[in-house]
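J.: The following comprises the amino acid sequence and a computationally predicted model.
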Amino acid sequence: MENIAKTVAIYARVSSDKQDVDLSISAQLKAIRAFATRCGYLVVREFVDEAETGRTTARPAFREMISLARNPQKSFGTILVWKYSRFARNREDSIVYKAMLRKNGVQVISINEPTEDTPTGRLMEAIIESLDEFYSDNLGEEVTRGLRESASRGFYLSARPPYGYHKIRIKDGDKERTKLEVDADQSAVITSIFNDVLSGKGMVQIAKQLNEKGIASPKNKKWGKTSIRVIVSNEAYTGTIIWGRNSKRGLEPIRVDNACPSIVERSVFDKVQQIMQERTFDVIHPRRISGRYLLSGMTFCGFCGKALTGTEAKSGKFSYYVCGTVNKKGSGSCQAHYHSCAKFEETVIRKIKDNILTEENLTHLVELMNQDMDGSSIQYQDEQKTIIDELGDTNRRLERLYDAIETNNVTFADLAPRIHDLKARHDKLNERKLQVDALLSDRRVALASPEILKRYANEMRKVLELSEFTEKKAFLRSFIEKIRVMDDYGIITYKAPVNGLLEERIGVLPIEQYGGW
């Protein structure tokens with residue numbers, strides 16, 4: 001304990017906020033290292049968080065430092081920081097983590113706000129931290145207040161302008177601020193989209209027409225129904241800008257009419273919203289409802305590779321699996337077909353029952369698993385032996401170094417770097433040993449008897465027939481890697497060989513003719 005009292009870790013942090021006025025990482029490290037040298041401390045670790053806010057403890061280097069500090073075999077007894085605000089800006093976090101560290105024999109010292117480890121010293125430390133927290137909160141409020149003031153005056157604060165506009169800089173006193181100005185070419189596209197919706201065209205149809213004309217989407221990709229929906233629901237095209245919808249402080253959003261030139265008349269915009277609302281509730285077109293579909297997430301189009309999505313039509317009377325490209329961009333965008341949801345799922349379940357849930361196949365699967373685990377066990381046993389040997393060698397080396405220090409043959413400062421390296425290696429070896437021990441404990445399974453396997457097969461069949469949706473889906477996922485669908489047949493790829501095969505063809509998948517819109 002006498003040695004560890006003089007060994008320290010350094011923690012440095014800078015925020016991503018432009019208003020963070022503390023020193024850079026390199027400057028903090030330089031100042032703390034100099035302080036450690038003056039005070040006779042030995043620096044054994046440095047932890048750095050860049051672009052990480054102090055208002056949360058979810059910082060990678062901070063988490064690693066706390067974890068190591070709680071380890072009984074820790075290599076440092078003190079943490080040095082530039083200021084307490086670098087450790088945490090939140091007073092509650094600071095109290096909790098410092099108490100935790102003190103309980104584990106670790107002290108936090110600010111090199112610019114020194115306090116004694118006494119009740120009076122801790123009171124001064126608490127006052128400093130409270131001021132830091134007040135500064136941080138007050139700064140955030142000032143920034144938010146300034147942004148809301150700019151938004152209320154009609155200035156545009158987001159990084160990207162809406163499609164149909166571009167940003168311009170205008171003079172506002174001694175500052176420059178941003179406004180929106182209509183883009184002539186893109187605004188014509190916006191007008192045509194709203195007119196198409198009024199004429200009865202659907203999202204997919206509008207997107208398809210724009211792609212056929214070679215018009216670039218807002219992100220310079222292909223148009224899809226999502227990008228069309230975003231445009232027709234954006235009130236900015238009426239000249240109204242809304243800012244602060246997702247305020248972390250619970251503030252009402254700022255809404256400013258006539259903040260920018262309008263592209264669409266208010267009456268047109270309102271009529272389009274009404275049409276969209278009617279379509280949503282009447283469900284007159286297929287829409288994706290992934291939670292209801294047994295094979296979603298594991299079924300893919302064999303032509304374009306997109307996932308098959310579950311869609312329904314006529315208020316849920318009919319449901320289908322359809323290629324994501326077709327669902328998004330309409331018929332003709334991919335040669336894939338619609339497949340009856342119920343019949344497709346029935347075909348796959350029947351294949352699983354017939355090919356997997358048999359006593360013979362389950363016996364084979366368990367044998368393969370045991371063989372795989374036996375091979376892995378040998379590998380892990382060899383690694384475990386090597387780790388134990390290396391741990392022994394590392395401990396012997398450390399003992400020799402400690403003996404040299406105790407007999408005054410050499411100073412601690414001379415051997416400190418080597419001791420640090422050996423202890424770091426010891427920690428890594430010990431951590432890997434724990435992982436290997438855990439893996440070995442999980443590698444052995446006993447081969448089930450024929451009676452158990454037969455009963456297991458029957459129970460699993462009942463799972464597919466009688467269990468809840470989530471249990472069925474989890475069961476299928478445990479065997480199926482993916483299903484690729486081509487016309488009226490599919491290719492199932494299994495996670496383990498079934499009857500000696502990793503892939504198997506299933507057919508015939510019933511094709512449904514449904515045009516969508």
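T.: Structure's in. What do you need?

J.: residues near residue 75, how many?
T.: Neighbour count of residue 75, defined by other C-beta atoms under 10 Å: 21. In short, each C-beta sits where N, CA and C put it, glycine included.

J.: Tell me who's in contact with it.
T.: Shown in contact with residue 75 (C-beta atoms under 8 Å, 6 or more residues apart in numbering): 4, 7, 44-45, 68, 420, 423-424.

J.: Show me the shaky parts of the stretch 201-350 of the chain.
T.: For the stretch 201-350 of the chain, the stretches flagged by pLDDT under 70 are 246-250, 279-291, 313-317.

J.: Do a quick rundown of the helices in it.
T.: Applying DSSP state H, counting those that start in this stretch to the stretch 201-350 of the chain gives helices spanning 203-212, 225-232, 266-282, 324-329, 341-355.

J.: Could you list the buried residues of the first one?
T.: Just to be clear, that refers to helix 203-212. By neighbour count with 16 or more other C-beta atoms under 10 Å, helix 203-212 contains the buried residues 203-211.

J.: again, but for the second one
T.: Applying a neighbour-count criterion of 16+ other C-beta under 10 Å, one finds 225, 227-228, 231-232 buried in helix 225-232.

J.: So residue 296 versus residue 253, what's the distance?
T.: In this view, residue 296 and residue 253 are 35 Å apart by C-beta to C-beta, to the nearest Å.

J.: Neighbour count: those two, which is higher?
T.: Set residue 296 next to residue 253 and count neighbours by other C-beta under 10 Å: residue 296 wins out with 18 against 12.

J.: residue contacts, that one?
T.: 290, 307-310 are the contacts of residue 296 under C-beta under 8 Å, 6+ apart.

J.: Which single one of those residues is nearest to residue 33?
T.: Nearest to residue 33 among the contacts of residue 296, counting by C-beta to C-beta, is residue 307 at 53.0 Å.

J.: just checking, that closest one touches residue 324?
T.: Yes - Residue 307 is within contact range of residue 324, at 5.2 Å (criterion: C-beta atoms under 8 Å).

J.: list residues touching both of the two?
T.: The contact sets of residue 307 and residue 324 overlap at residue 301 (C-beta under 8 Å, 6+ apart).

J.: Settle it for me: which of these two has more neighbours?
T.: residue 324 (20 against 17).

J.: Tell me how this protein divides into domains.
T.: Following automatic domain parsing, one gets these domains for the chain: 4-144, 165-282, 283-517.

J.: tally of neighbours for residue 274?
T.: For residue 274, the count of nearby residues is 10 (other C-beta under 10 Å).

J.: Check the gap between it and residue 227 for me.
T.: 21 Å.

J.: Over to residue 234?
T.: 11 Å.

J.: go on, residue 88?
T.: 42 Å.

J.: And residue 161, by the same measure?
T.: 15 Å.

J.: again with residue 406
T.: 73 Å.

J.: ok, now which ones touch residue 388?
T.: residue 433.

J.: Quick check: the gap between it and residue 73.
T.: Taken as C-beta to C-beta, the span from residue 388 to residue 73 is 17 Å.

J.: before we move on, what about residue 218?
T.: Applying C-beta to C-beta, the value for residue 218 to residue 73 is 55 Å.

J.: So if I had to pick from the two, which one is more boxed in?
T.: Between residue 218 and residue 73, counted using other C-beta under 10 Å, the more crowded position is residue 218 (16 against 9).

J.: Tell me if I'm right that the more buried one and residue 226 touch.
T.: No - look at residue 218 against residue 226 with C-beta under 8 Å: they stay out of range, at 10.7 Å.

J.: re earlier: show me the two of the contacts of residue 75 that sit farthest apart.
T.: 4 and 424 (14.9 Å).

J.: Have a look at this protein and report its longest strand.
T.: In terms of residue count, the longest strand belonging to the chain (DSSP state E) is strand 489-498.

J.: Please work out the average pLDDT along that strand.
T.: Mean pLDDT, strand 489-498: 79.
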